[in-house]
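A.B. asks: Dropping a prediction and its sequence here:
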Amino acid sequence: KSGSGITLFPDLGAVIFLIAVVGWFNFEIVFSGKVPFFRDLGPIFYPMRFSLAQSFQQGEIPFWDRHMAMGFPLLANFQSGVFYPPHLFFLFLPFFVAIRALFVFHYLVAATGAYFLCRRWGYSCSLALVGAILFAFGGYTVSLSSMLSYFQTMVWLPWALLLGERLIGSRSMKAFILFTFVLLVQLLAGA
């Protein structure tokens with residue numbers, strides 16, 4: 001462990017490296033336009049997200065999805081993530097482009113959150129990078145990527161820990177607001 005804390009140049013380089021690793025890990029999503037279709041993505045999560053995207057683009061509140069099963073309460077189903085802020089990608093992007101952007105975004109959230117949490121704990125840049133890579137691309141995170149609401153909730157965990165520790169240490173209103181915001185985003189992710 002190193003008690004040096006966060007510094008601009010090594011940490012900026014590390015974040016750029018993490019962005020490159022996320023790009024490499026999601027290479028086919030980013031550069032080939034492919035979308036993962038395994039386990040629960042195709043039969044459960046993509047139809048929910050598609051109805052959500054249609055409602056957003058039509059300026060409607062997504063109360064009900066008449067295409068799923070014999071009707072499905074979209075707003076009442078917590079896993080649909082109707083109020084999850086990153087789902088605004090569906091408002092501005094075509095559906096599968098938004099899905100790809102969401103995958104990349106969430107891997108970035110996981111990797112950078114784990115990196116800065118490790119740095120807060122006093123680890124060197126190189127060890128924090130190892131921690132970030134293990135968290136973001138380890139078996140647990142990758143296996144949850146087929147269950148979108150759980151995946152989207154879990155990637156915020158390092159940020160919640162980081163900001164929770166900062167709140168305990170500083171007890172400032174800014175730290176409280178940031179911590180509360182991350183917990184709210186985690187809740188709205190749907191799991």
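C.D. replies: Here it is on my side, so go on. Numbering: from 1, shown residues only.
A.B. asks: center of the chain - which residue?
C.D. replies: H106 (2.9 Å; CA atoms, centre = their mean).
A.B. asks: That residue contacts Q152, doesn't it?
C.D. replies: Yes: in terms of CB atoms under 8 Å, H106 counts as a neighbour of Q152; the distance is 5.9 Å. All C-beta spots, glycine's among them, are computed from the backbone N, C-alpha and C.
A.B. asks: which residues are in contact with both of the two?
C.D. replies: Common contact partners of H106 and Q152 (CB atoms under 8 Å, 6 or more residues apart in numbering): P86.
A.B. asks: and the helix ranked longest in the chain, what other elements does it pack with?
C.D. replies: The residue-count maximum for a helix in the chain (DSSP state H) belongs to helix 95-120. For helix 95-120, the elements it packs on are helix 8-25, helix 27-31, helix 46-57, helix 89-92, helix 125-137, helix 148-154, helix 157-170, judged by 3 or more CB pairs under 8 Å, 6 or more residues apart in numbering; DSSP states H and E.
A.B. asks: if you compare these, which one is most tucked away?
C.D. replies: Each of these was scored by mean neighbour count; the highest is helix 148-154, a mean of 23, by mean count of other CB atoms under 10 Å.
A.B. asks: Does anything pack onto that helix? Which helices or strands?
C.D. replies: Packed against helix 148-154 by the contact rule (3+ CB pairs under 8 Å, 6+ apart) you find helix 95-120, helix 139-144.
A.B. asks: tilt between the longest helix of the chain and helix 125-137?
C.D. replies: 140 degrees (axes from the mean of the first three to the mean of the last three CA atoms, to 10 degrees).
A.B. asks: got the buried residues for helix 95-120?
C.D. replies: Buried positions in helix 95-120, judged by neighbour count with 16 or more other CB atoms under 10 Å: 95, 98-120.
A.B. asks: before we move on, the earlier item: reformat the helices and strands packed on helix 148-154 as TSV; add distance to M70 and mean pLDDT.
C.D. replies: Formatted as TSV, the helices and strands packed on helix 148-154 follow (distance: least, CB to CB, whole Å; pLDDT from 0 to 100):
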stretch	distance to M70	mean pLDDT
helix 95-120	23	95
helix 139-144	29	88
